[in-house]
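[1] Just a sequence and a predicted model for now, questions to come.
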Amino acid sequence: MEMLLVLMAVGISASLVVASAASLERKREEDRFFALLEQDIHYAQSQSYSLGTSVVVVFRVAKPGYEVVYGLTRPGYARAMPESIRLNASSNLREVYFMANGSIHQPGTMRFSTSSGERTVTVHLGKGRVVVSK
């Protein structure tokens, strides 16, 4: 009987550890996504300047993720978004558009729902400063 109680206590403790590890891994995956998004936005800006063409980082409604497009027609690459992240309908931007001189075309904010709350990506007018909230 005592052995059964000990075994049950160990089982409950192990399940709590697994549940907390899963939420921690989800948070890490989300953090990695936003770090990569920020790097891709900066890279798109540098590419627009060095290639002398527009470069757009665009979020499509049909696909959970984003694509980088050169000159509005030449596809670059696409990245998937983790299932725990969604671009909110309240966002006033669905793309970060850099003109050929590296400046931003339209300022605004993208709002994302994550497992730990809302995160934003703010694009400022002018030379294209982009801020990703933590």
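    Arrived safely, thanks for sending.

[2] Of all residues in this protein, which one is nearest the centre?
    residue 34 (3.9 Å; CA atoms, centre = their mean).

[3] correct me, but it touches residue 116?
    No. Using CB atoms under 8 Å, residue 34 is not in contact with residue 116; the gap is 11.4 Å. C-beta here means a position set from N, CA and C on the backbone, and glycine is covered the same way.

[4] where does the residue nearest to the centre of the chain fall, helix, sheet strand or coil?
    In three-state terms, and counting by DSSP: H, G, I helix; E, B strand; the rest coil, residue 34 is helix.

[5] Show me the beta-bridge partners of the residue nearest to it when sequence neighbours are not counted.
    Distances taken as CB to CB, 6 or more residues apart in numbering place residue 132 nearest to residue 34, at 5.3 Å, with adjacent residues excluded. Applying DSSP bridges to residue 132 gives these bridge partners: residue 121.
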